[in-house]
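Colleague: sequence and predicted model, in that order:
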Amino acid sequence: MAQMNPADQGKMQMMQDLEIEMMSDLYNRMTQACHKKCVPPRYSEPDLGKGESVCIDRCVAKYLDIHERIGKKLTAMSMQDEALLKNMNG
């Protein structure tokens, strides 16, 4: 198996760290948004009620769906930009 040079290893580590940071940020934002939307500020029971659980499930599903759609759109835009740059330079 081929060894990566130190510069490539550094880039790979930086990309992995950035991915972890982005996923952590996504999780924190999703948790805050869905908690605020679905769980009342005054807790009446120690466990989530059925309505709260359903709300949280739907909120998380929508949040992740939108995150995926935005990611695909940004990837497509990035690829278009790269193609445009190649056409301009080539």
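Modeller: Yes, it's here.

Colleague: how about residue 79, what does it touch?
Modeller: By Cβ atoms under 8 Å, 6 or more residues apart in numbering, residue 79 lies in contact with nothing. (C-beta placed from N, C-alpha, C; glycine too.)

Colleague: likewise for the one 5 residues further on?
Modeller: Shown in contact with residue 84 (Cβ under 8 Å, 6+ apart): no residues.

Colleague: can we start the residue count at 14 from this point?
Modeller: Taking 14 as the first residue, the last one we looked at is residue 97.

Colleague: please report how far it lies from residue 87.
Modeller: Distance, residue 97 to residue 87, by Cβ to Cβ, to the nearest Å: 15 Å.

Colleague: name the residues of the strand or helix carrying residue 87 that come out as buried.
Modeller: For residue 87, the host element (DSSP states H and E) is helix 63-102. Neighbour-count burial for helix 63-102 flags 65, 68-69, 72-73, 76 (criterion: 16 or more other Cβ atoms under 10 Å).

Colleague: check the residues you listed and tell me the two furthest apart.
Modeller: 65 and 76 (15.9 Å; Cβ to Cβ).
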